[in-house]
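[1] Structure, please.
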Amino acid sequence: MPVIEGTDVNLSYNDCIVEDSSNLVDGDRDQVQVIIAELRQQLEIVTEEKNQLLVENHKLMEQTDQLAASLSCLNVELHNMKTEKAEQPKCSLLAEITTDDKMTLFYTGLNSFKLFTGIFKSLKPALRSDTRFAATLEEQFLITLMKLRLNLSRRDIAYRFKITIPTVTSYIEKFINAMFIRLPVALLRKPDREAALKTLPLSFRAQYPNVNYIIDCTELKCETPSNKIDAVSCYSTYKSHHTSKFAIVSTPHGSVAFLSKAFTGRATDVDTIRKSGLLEFIEPGDEFLADRGFINEGDFTSLGAKVHIPSFKGRRDQLTGKETERSRIIANERIHVERVIGNLKKKFMVLRGIVKIKDFCTDYYNNAFISKIFVTCCCLMNAQPTIVPQY
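    Numbering: from 1, shown residues only. Model (predicted):
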């Protein structure tokens with residue numbers, strides 16, 4: 001660009017273009033003027049858009065500040081609601097059974113809330129408490145006992161305590177495992193022989209004063225396994241249903257002293273007794289009552305124990321008068337173990353339901369979950385007064 005003398009140094013861009021354009025022909029000058037006009041128009045549009053974006057950005061920043069303030073208020077409200085929810089019990093049932101032993105018996109199978117508290121305190125050292133739990137440990141214990149006592153569905157319990165179904169399952173499994181480990185040590189054990197003889201019912205004192213135990217087997221109905229071999233193994237011709245079988249030993253005064261692990265319903269009574277570990281339970285001098293064909297008498301006599309069983313007719317036409325009377329007396333005394341089994345299933349309805357196939361799964365120590373449930377129910381029943389009369 002040529003230097004123009006006598007002019008201001010700070011010339012505008014447009015002036016320079018006009019001065020430069022003086023050397024152009026008329027056609028080129030018109031074209032440049034059109035381009036300049038278009039550029040000016042585009043500049044105005046961009047400037048207007050920029051101003052609009054600045055306004056919108058300002059509005060968005062104001063909205064962001066408002067949302068941040070609202071979020072802070074909501075967090076405070078959420079914290080307050082969680083605090084209030086944690087302070088209030090999930091279910092008022094626990095507070096209600098505290099002062100009502102009849103309600104305690106109905107929902108838990110325990111005859112008093114004092115017993116409920118005592119068993120819970122014995123389990124508490126083995127449990128971990130956490131404020132993040134949806135229910136307190138005491139409520140979890142109540143949930144487990146309600147499942148054993150009433151056999152409520154997990155969904156029912158979840159609705160009652162306002163928790164999820166998987167949470168109900170985890171609570172039940174946790175407390176069943178805890179009771180299976182801690183309760184049998186005190187509540188499922190061999191009684192002292194001298195103390196047992198002193199507490200014999202009068203009927204035993206007259207007929208069998210030295211009998212320590214009564215043996216029987218019981219079966220729980222289960223689902224039909226999908227595997228045909230398993231289905232055949234579990235089918236019980238006696239119950240006409242797929243079952244699991246347990247050997248149970250009770251004392252004459254009505255407490256459970258021994259319970260085997262679960263066997264398939266097809267297993268014979270003799271095989272169940274032999275494989276149950278009962279033979280290791282026997283001590284020399286023990287006396288048992290059992291049904292005919294139920295056990296192999298030689299298995300007991302070889303260990304120094306004595307077994308009283310009803311007489312066999314064999315190939316004879318009928319039993320003698322003495323044998324008939326003896327068999328009648330044994331049957332009358334053996335009914336105590338059947339009353340114990342009946343009371344167990346009456347008190348804990350979970351034993352009357354259909355056992356699920358998954359409950360036969362065993363843990364590291366080969367204990368099926370249904371075996372843990374049955375042992376737990378026996379321990380809870382042993383913690384209460386016996387139903388066998390002392391006369």
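[2] Show me the helices in the stretch 201-350 of the chain, by range?
    202-207, 228-234, 269-275, 278-281, 297-301, 321-347 (DSSP state H, counting those that start in this stretch).
[3] Just the buried residues of the fifth one, please?
    Neighbour counts over helix 297-301 (16 or more other CB atoms under 10 Å) mark 299-300 as buried. In short, each C-beta sits where N, CA and C put it, glycine included.
[4] still on that earlier bit, export the helices of the stretch 201-350 of the chain as a markdown table, with columns for mean pLDDT and distance to Ile214.
    Output for the helices of the stretch 201-350 of the chain, formatted as a markdown table (pLDDT from 0 to 100; distance: least, CB to CB, whole Å):
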| stretch | mean pLDDT | distance to Ile214 |
| --- | --- | --- |
| helix 202-207 | 86 | 10 |
| helix 228-234 | 93 | 26 |
| helix 269-275 | 90 | 13 |
| helix 278-281 | 90 | 12 |
| helix 297-301 | 85 | 13 |
| helix 321-347 | 90 | 4 |
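[5] Just put those helices in TSV and tack on distance to Ser255.
    Below are the helices of the stretch 201-350 of the chain laid out as TSV (distance: least, CB to CB, whole Å):
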stretch	distance to Ser255
helix 202-207	14
helix 228-234	29
helix 269-275	20
helix 278-281	15
helix 297-301	21
helix 321-347	8
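[6] Of all the ones you listed, which one comes closest to Ile248?
    Ranking the helices of the stretch 201-350 of the chain by proximity to Ile248 (CB to CB) places helix 321-347 first, at 6.5 Å.
[7] After the closest one, which helix or strand is next? Please name it.
    helix 369-382 (DSSP states H and E).
[8] That following helix packs against which elements?
    helix 137-150, helix 165-182, helix 184-187, strand 241-250, strand 256-259, helix 321-347 (3 or more CB pairs under 8 Å, 6 or more residues apart in numbering; DSSP states H and E).
[9] Ok, which of those comes nearest Val32?
    helix 165-182 (78.7 Å).
[10] Counting by contacts, list what the closest one packs against.
    By 3+ CB pairs under 8 Å, 6+ apart, helix 165-182 packs against helix 113-123, helix 137-150, helix 154-161, helix 369-382.
[11] tell me which strands and helices the second one is in contact with?
    Identification of packing neighbours for helix 137-150 by 3+ CB pairs under 8 Å, 6+ apart yields helix 93-97, helix 101-108, helix 113-123, helix 154-161, helix 165-182, helix 369-382.
[12] Show me which residues of the longest one are buried.
    Neighbour counts over helix 165-182 (16+ other CB under 10 Å) mark 167-168, 171-172, 174-180, 182 as buried.
[13] Next: stretch 189-201.
    Buried-residue list, stretch 189-201, by 16+ other CB under 10 Å: 190-191, 196-197, 199-201.
[14] sorry, back to before: take the helices and strands packed on helix 165-182 and lay them out in CSV including mean neighbour count and distance to Asp269.
    Shown next, in CSV, are these (neighbours: other CB atoms under 10 Å; distance: least, CB to CB, whole Å):
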stretch, mean neighbour count, distance to Asp269
helix 113-123, 16, 33
helix 137-150, 22, 27
helix 154-161, 17, 34
helix 369-382, 23, 17
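[15] between those, which one is nearest to Glu49?
    Nearest to Glu49, of those and by CB to CB, is helix 154-161 at 57.7 Å.
[16] Remind me what the closest one packs against, helices and strands.
    helix 137-150, helix 165-182.
[17] ok, residues contacting it?
    90-91, 93, 134-135, 139, 143, 146-147, 164-165, 167-169, 172 (CB atoms under 8 Å, 6 or more residues apart in numbering).
[18] Now do it, average pLDDT.
    The average pLDDT for helix 154-161 rounds to 94.
[19] re the thing from before, will you turn the helices and strands packed on helix 154-161 into JSON lines that also has distance to Asn210 and mean pLDDT?
    What follows is those, written out as JSON lines (distance: least, CB to CB, whole Å; pLDDT from 0 to 100):
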{"stretch": "helix 137-150", "distance to Asn210": "35", "mean pLDDT": "95"}
{"stretch": "helix 165-182", "distance to Asn210": "32", "mean pLDDT": "95"}
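[20] Between the ones you listed, which one is closest to Leu279.
    The nearest among the helices and strands packed on helix 154-161, by CB to CB, is helix 165-182 at 22.7 Å.
[21] right, so of the helices and strands packed on helix 154-161, which gets closest to Glu38?
    That would be helix 165-182 among the helices and strands packed on helix 154-161, by CB to CB, at 69.4 Å.
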